[in-house]
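Undergrad: Sharing a sequence plus its predicted fold:
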Amino acid sequence: MDGFAHQIIAGIATGGIYASVALALVMIYQATHHVNFAQGEMATLSTFIAWSMVEAGFPYWVAFAATVMVSFLIGVLVERLLMRPVQNAPVLTHVGVFIGLLLIVGNMTGWIFGYTTKVYPSPFTSSGPLLGGLISAHELGSTAVTLVVLTLVFLFFRYTSLGLAMRAAAYNPRSARLVGIRVGWMLALGWGLAAAIGAVAGMMVAPVVFLDPTMMTGILLYAFAGALIGGIDNPLGAVIGGFAVGVLENLAGAYVVGTELKLTVALAIIIGVLVVRPSGLLGRVVTSRV
Amino acid sequence: MSASENVAIPGTIPQAMPARRGMPAWQVALVVLGGLVVAIAPAFILESFPLFQLTMAVIMGLAVLGLNMVTGFNGQISLGHGAFFALGAYATAILMSHLDWSFWATLPFSAAVCGVVGYGIGFPALRLGGLYLALTTFSLAVAVPQILKHKSIEDWTGGVQGLFLVKPDAPAWMPGALTPDQWMYFVAVGVAGVCFLLCWNLIRGRIGRALMATRDHQTAAEAMGMDTATLKTRAFAVSAMVTGIAGSLSAVAVEFVAPDSFSLMVSITLFVGMVVGGVASILGSLFGGLFVLFVPNIAEAISKAAPGVIYGILLIAFLFILPDGFAGLLRRIAGRLRRRG
């Protein structure tokens, strides 16, 4: 029974990471109806930036804050330079640009930092076992960080005028522009925020899976699954979905299919949700006029 | 291509488009002859390794053609065609190494398996328009190596170690002594040639127009009486079949299959080849195959990571500057020359 409880808690801890990445995906989807295939690679790059700062001797939290800011800028730049010119192009072009971005960022990371697996420090340490050994200090800490990030994002969108403007730009770009919101910059801001959230997720997962250029590929898949379970246009749903996928993946890995088919579980969830309930649990059912 | 096929019936061809006049028979013969010479000559000119590379380029071109059939002509974006490539390769490898089938006997079998699986995947794909299909097939591509490594099928697939095969020998009735490399090249060119011809024939007729109409405006296509669901699932089947055949060829050309050679990168490579060669272009697929085989080789001289970076940069550059790819560039140049001449 202890094993089962541990699986659930470990699932919640990894689920928090998936929830963050899922939230980053949903933020971009909501604003632009794009799914960023390069989200994982961008987060990995951010984590490597943080790693080199920690290696250079900066205190952990300084590196953390600097990385979040740099990632934000990278996100804004990507939107400005790559996505904006193809705003009105067909879906195939968008997918192509995302794949190109994935290739460039992923391979540049490997080129600059090398392909050897690196150990990334965790800021959370404890002297004794927590909750009777059910949870490690890092699991507890990273779940807390995830929850703080999610709360901040919620407060930002709910209670600040900038957050309101961003929601307006996503919901109805034309009317938003008429009341003076600079819709283009709101999209860029959304990309920046998504990149920053992804960076946090990367830094939280790196101590667990170890740091290498491909560490986020699997995580991106789970985040897709989480976002789809919750409904890809619903941030709260994405967060719940992310946690659900984390628990589900851990339980399936421990009791049903074994660890070597974990990615296939994510694939099955994605196909299952899309075929049975494409709008997800909390998403809006979209009808379009032809 | 006889002259009578290209005679325009008055009133059926829109005014804006000049009726295409067929080439005279001697020109057709010249083109076919020239094509044959270009196809056959490398086998006797090139050393064994460059010839192997050219063989692989033809095979990749065939795989890109498969992707083009469903993504280019039918508009269903697939980022997971590496899965069909792997399926074809494994079908051939398993039959050859476990059941001692000859390569030629495995080819129809692997085509049938891929076609059926592609048809099956075509159904959930119907419900997933555009981006969602891309997302799902992307996940499929990521999961492929893991599925291939799984214990339950290890007896057949050889697990992580993979399977070894042997290239087919040139048959005894062939004139001259062909090396296995030369014969493999002819096999690849022959099979690919037949597939390209069949696909071209499919696209230039009624079905091809229906596929493209479904891509461009599904509702309008339905209103015109096209059964778009059937078209889409069958396009998926044909596409999977062609890519699967390419996978079969690659298995014998490389003489080895293993799970890690079918990573996400294969699917991405096919996608890059399609965009660079030319989306919705039959001949462009061949350019795509040449591109994805030779450009990484050149780039690898710079760094291990360089091929990926260059792929990415070129992919985005083509999408921005030449969205219809290399084939589109050639078409534009030809058009300009024709107008001047």
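TA: Now that the structure is in, tell me what you want to look at.
Undergrad: Could you list the contact residues of the stretch 101-250 of chain B toward chain A?
TA: B:124, B:127-128, B:130-132, B:134-136, B:138-140, B:142-143, B:146-147, B:149-151, B:219 (CB under 8 Å from any CB of the partner chain). All C-beta spots, glycine's among them, are computed from the backbone N, C-alpha and C.
Undergrad: From these, list just the buried residues.
TA: Among those, the ones that count as buried by 16 or more other CB atoms under 10 Å in any protein chain shown are B:128, B:130-132, B:134-136, B:138-140, B:142-143, B:146-147, B:149-150.
Undergrad: Return the subset of the residues you listed lying in strands.
TA: Here DSSP state E is the test, and those give no hits in strands at all.
Undergrad: Okay, and which of those residues map to helices?
TA: B:130-132, B:134-136, B:138-140, B:142-143, B:146-147, B:149 (DSSP state H).
Undergrad: Among these, which pair sits farthest apart?
TA: B:Gly130 and B:Lys149 (31.3 Å; CB to CB).
Undergrad: avg pLDDT for stretch A:116-123?
TA: For stretch A:116-123, the per-residue pLDDT values average out at 85.
Undergrad: Next, the buried residues of that stretch.
TA: Buried residues in stretch A:116-123 (16+ other CB under 10 Å): A:118, A:120-123.
Undergrad: would you list those residues in CSV and tack on secondary structure and distance to chain B?
TA: Putting the buried residues of stretch A:116-123 into CSV (DSSP: H, G, I helix; E, B strand; the rest coil; distance: CB to the nearest CB, whole Å) gives the following:
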residue, secondary structure, distance to chain B
A:Lys118, strand, 16
A:Tyr120, coil, 21
A:Pro121, coil, 25
A:Ser122, coil, 27
A:Pro123, coil, 30
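Undergrad: nearest to A:Val26, of these?
TA: Distance to A:Val26 across the buried residues of stretch A:116-123 (CB to CB) is lowest for A:Tyr120, with 25.9 Å.
Undergrad: State the distance from the spatially closest residue to the closest one that is not a sequence neighbour to B:Val28.
TA: Nearest residue to A:Tyr120, sequence neighbours excluded (CB to CB, 6 or more residues apart in numbering or on different chains): A:Ala206, at 3.7 Å. Using CB to CB, to the nearest Å, one gets 62 Å for the distance from A:Ala206 to B:Val28.
Undergrad: swap in B:Val279?
TA: Taking CB to CB, one finds B:Val279 at 27 Å from B:Val28.
Undergrad: Report the buried residues of the helix or strand where B:Phe44 lies.
TA: Using DSSP states H and E, B:Phe44 sits in helix B:25-45. Using 16+ other CB under 10 Å as the burial criterion, the residues of helix B:25-45 that qualify are B:39, B:42-43.
Undergrad: From the residues you listed, list the ones also adjacent to chain A.
TA: Residues of those in contact with chain A (CB under 8 Å from any CB): none.
Undergrad: from what I can see B:Phe103 touches B:Leu95, true?
TA: No - B:Phe103 is not in contact with B:Leu95 according to CB atoms under 8 Å; the separation is 9.1 Å.
Undergrad: Name all residues that make contact with residue 263.
TA: I went with chain A, as the question did not name one. Residues in contact with A:Leu263 (CB atoms under 8 Å, 6 or more residues apart in numbering or on different chains) are A:218, A:221, B:142-143, B:146.
Undergrad: meant chain B actually
TA: B:82, B:141, B:144-145.
Undergrad: contacts for the helix or strand hosting A:Gly141?
TA: Assigned by DSSP H and E, A:Gly141 belongs to helix A:137-159. Helix A:137-159 has contacts (CB under 8 Å, 6+ apart) with A:9-10, A:12-13, A:16-17, A:19-20, A:23, A:122-126, A:130, A:162-164, A:166-167, A:193, A:197, A:200-201, A:204-205, A:207-208, A:235, A:239.
Undergrad: Tell me which other helices or strands the very next helix or strand once past it touches.
TA: Going down the chain from helix A:137-159, the next helix or strand is helix A:161-171, by DSSP H and E. Applying 3 or more CB pairs under 8 Å, 6 or more residues apart in numbering or on different chains; DSSP states H and E, we find helix A:161-171 packed against helix A:2-32, helix A:137-159, helix A:173-178, helix A:183-209.
Undergrad: hang on, the earlier thing: the helix holding A:Gly141 to helix A:183-209, inter-axis angle?
TA: Angle, helix A:137-159 to helix A:183-209, by axes from the mean of the first three to the mean of the last three CA atoms, to 10 degrees: 170 degrees.
Undergrad: give me the low-pLDDT residue ranges for the stretch 101-250 of chain A?
TA: Scanning the stretch 101-250 of chain A with the threshold set as pLDDT under 70 gives A:126-134.
Undergrad: what does the stretch 51-200 of chain A put close to chain B?
TA: Looking at chain B, the residues of the stretch 51-200 of chain A close enough under CB under 8 Å from any CB are A:82, A:85-86, A:89, A:91-97, A:99-108, A:110-111, A:115.
Undergrad: Tell me who's in contact with residue 93.
TA: All of this refers to chain A. Neighbour list for A:Thr93: A:86, B:319, B:323 [criterion: CB under 8 Å, 6+ apart].
Undergrad: Please refer instead to chain B.
TA: B:Ala93 neighbours (CB under 8 Å, 6+ apart): B:163, B:165, B:251, B:257.
Undergrad: For the third one, which non-adjacent residue is spatially closest?
TA: What it means is B:Ala251. In space, B:Ala251 is closest to B:Ala89, 3.9 Å off (CB to CB, 6+ apart).
Undergrad: how deep is the one you found tucked in, by neighbour count?
TA: 31 (other CB atoms under 10 Å in any protein chain shown).
Undergrad: any idea where the strands of chain B begin and end?
TA: So, for chain B - with DSSP E - the strands run B:163-164, B:256-257.
Undergrad: Quick check: the residue of the stretch 151-300 of chain B nearest chain A.
TA: Scanning the stretch 151-300 of chain B for the residue nearest chain A gives B:Thr219, at 4.6 Å (criterion: CB to the nearest CB).
Undergrad: For B:Arg340, see how far away that residue is.
TA: Where B:Arg340 is concerned, B:Thr219 sits at a distance of 41 Å (CB to CB).
Undergrad: Ok, B:Met69 next?
TA: 34 Å.
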